[in-house]
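# Got a predicted structure plus its sequence, pasted below:
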Amino acid sequence: AGLMKPDAAVLAGDGLAEVCETVGMPPVLGCGSCVDNSRILIACAEMVRVGGLGTSIADLPVAGAAPEWMSEKAISIGQYFVASGVFTVFGVTFPTLEGTKFHKLLFEGLEEMGFGKWGFATDPYEMAHMMISHIDKKREALGIMGPRERKLFDMADRRALD
């Protein structure tokens, strides 16, 4: 859909569009299947550590998705995201039995313990709505819903924060 290209910033909300245009990044970041996904988690950890957003990755308004996962290692990568605090949505099929204690732990219990949680949907629009709802909930909890004054730092300002 072109959302992983920098020029797609015009399709994002005002705040995200401003950040994307300023740093030249797309509004959607692909996280690949191996080392790329850990880089996304490092960026999330830095948002907490340096950016001061929340106290853990689980506080951030972020979501992961594997809408059409293609190998079994995707479930372990997704669980890495969930264990790190990221709400992660899977599509096509999910390899647990609904109604079991294990399924309940993955879809509810882990979040109650301060981690992320799993979501599942086969319809891409439902997946998107699940992620948007989660992001809005986390933004509200952080007090960053709606417009607010933004200050972009230059590198000298950024170094002064360290």
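Arrived safely.
# tally of neighbours for residue 135?
Residue 135 sits with 15 neighbouring residues when counted by other Cβ atoms under 10 Å. To be clear about C-beta, it is placed using only N, CA and C from the backbone, and glycine gets the same treatment.
# same deal with the one 10 residues further on?
By other Cβ under 10 Å, the residues close to residue 145 number 14.
# Need the pLDDT of it.
Note for residue 145: predicted pLDDT of 80.
# can you check residue 150 too?
pLDDT, residue 150: 61.
# any idea where the helices of the protein begin and end?
Applying DSSP state H to the chain gives helices spanning 14-23, 35-49, 73-84, 101-104, 110-112, 124-142, 155-161.
# Any chance of these in CSV with mean pLDDT and distance to residue 91 as columns?
What follows is those, written out as CSV (pLDDT from 0 to 100; distance: least, Cβ to Cβ, whole Å):
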stretch, mean pLDDT, distance to residue 91
helix 14-23, 85, 23
helix 35-49, 85, 17
helix 73-84, 88, 10
helix 101-104, 88, 17
helix 110-112, 90, 19
helix 124-142, 94, 6
helix 155-161, 66, 38
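# care to break the chain down by domain?
Here the domain parsing of the chain from the TED database is 1-30, 33-160.
# ok so, going back, now the helices of the chain in TSV, with distance to residue 118?
Formatted as TSV, the helices of the chain follow (distance: least, Cβ to Cβ, whole Å):
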stretch	distance to residue 118
helix 14-23	24
helix 35-49	16
helix 73-84	6
helix 101-104	9
helix 110-112	8
helix 124-142	10
helix 155-161	35
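# from the ones you listed, which stretch is densest packed?
Across those, averaging neighbours per residue (mean count of other Cβ atoms under 10 Å) puts helix 73-84 on top, at a mean of 18.
# what helices or strands is that one leaning on?
Packing partners of helix 73-84 (3 or more Cβ pairs under 8 Å, 6 or more residues apart in numbering; DSSP states H and E): helix 35-49, strand 63-66, strand 87-90.
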